[in-house]
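*Asks:* Attaching a predicted model along with its sequence, questions to come.
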Amino acid sequence: MGILELMLGKSSAGDGASMVNSYVLAQETHDEVYPVAVRRAEIEAFREATDALEAAPSLEENRDELEQVFEGFGDDAAIDVDELVERTRSPRRAIEPLVETWDEQVPDGTDVGVVYLPPGRADDVRSFVSVCKQRDDYEHDPFELPDSFDDVATLLKRLEDAAAGQYRAVVHTDLVPSRE
């Protein structure tokens with residue numbers, strides 16, 4: 001059984017690896033990451049979800065309507081519309097660099113590959129998935145989840161499992177998705 005099968009969660013008795021050699025790498029040019037096996041279809045599902053979220057009318061476009069709704073609740077509902085708009089926009093912006101880098105790391109025509117998740121970035125993906133689900137659940141929002149969204153949820157689970165584990169790899173910073 002290969003390393004990709006292990007990373008996808010498929011294991012059998014006796015699987016494992018051992019380190020024989022150690023090397024010292026420069027901190028300026030290398031980062032710790034969680035290596036995660038992905039299917040090309042999962043990356044494409046992320047791309048479809050980000051495109052659908054971008055194409056759907058944003059809360060920004062409905063700002064006047066939102067302000068009227070919140071004014072109807074009185075002073076007790078002190079909700080900052082600007083903050084609400086930013087909270088729904090920032091998860092998509094946070095994962096776009098991840099998806100772009102992963103798209104390059106697992107080229108078209110490749111079914112399975114390995115991508116790198118920097119520590120703390122699983123939270124960005126989880127936030128993105130939450131925003132998508134919330135917008136899809138809200139009946140007055142024209143946003144609709146793409147049919148491939150189940151693949152996004154599957155990859156999120158694998159990302160969370162990798163981030164919860166102790167196994168990290170050290171890779172050159174050129175391979176690590178930027179945080180924009």
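*Replies:* Structure received. Numbers count the residues shown, from 1 in each chain.
*Asks:* which stretches of this structure form helices?
*Replies:* Per DSSP state H, the chain carries helices over the ranges 3-7, 40-55, 63-71, 81-105, 122-137, 149-164.
*Asks:* Report all helices and strands that the second one contacts.
*Replies:* The reference is to helix 40-55. helix 81-105, strand 112-117, helix 122-137, helix 149-164 (3 or more C-beta pairs under 8 Å, 6 or more residues apart in numbering; DSSP states H and E). Every C-beta, even on glycine, is put in place using the N, C-alpha and C of the backbone.
*Asks:* and that helix, how far out from the chain's middle?
*Replies:* 10 Å (C-alpha atoms, centre = their mean, to the nearest Å).
*Asks:* which stretches of the chain have low pLDDT?
*Replies:* Across the chain, the ranges flagged by pLDDT under 70 are 1-23, 25, 58-82, 84-86, 179-180.
*Asks:* Next up, the contacts around the residue nearest the centre of the chain.
*Replies:* The C-alpha lying nearest the average C-alpha coordinate of the chain belongs to residue 125 (C-alpha atoms, centre = their mean; 2.9 Å). Counting by C-beta atoms under 8 Å, 6 or more residues apart in numbering, residue 125 touches 95, 98, 155-156, 159.
*Asks:* Of the residues you listed - the most surrounded one?
*Replies:* residue 98 (26 neighbours; other C-beta atoms under 10 Å).
*Asks:* That one is in contact with residue 176, isn't it?
*Replies:* No - taking C-beta atoms under 8 Å as the definition, residue 98 is not a contact partner of residue 176, at 10.0 Å.
*Asks:* could you redo the helices of the chain as CSV and give each row distance to residue 113?
*Replies:* Listed next are the helices of the chain as CSV, based on distance: least, C-beta to C-beta, whole Å:
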stretch, distance to residue 113
helix 3-7, 8
helix 40-55, 7
helix 63-71, 41
helix 81-105, 6
helix 122-137, 17
helix 149-164, 12
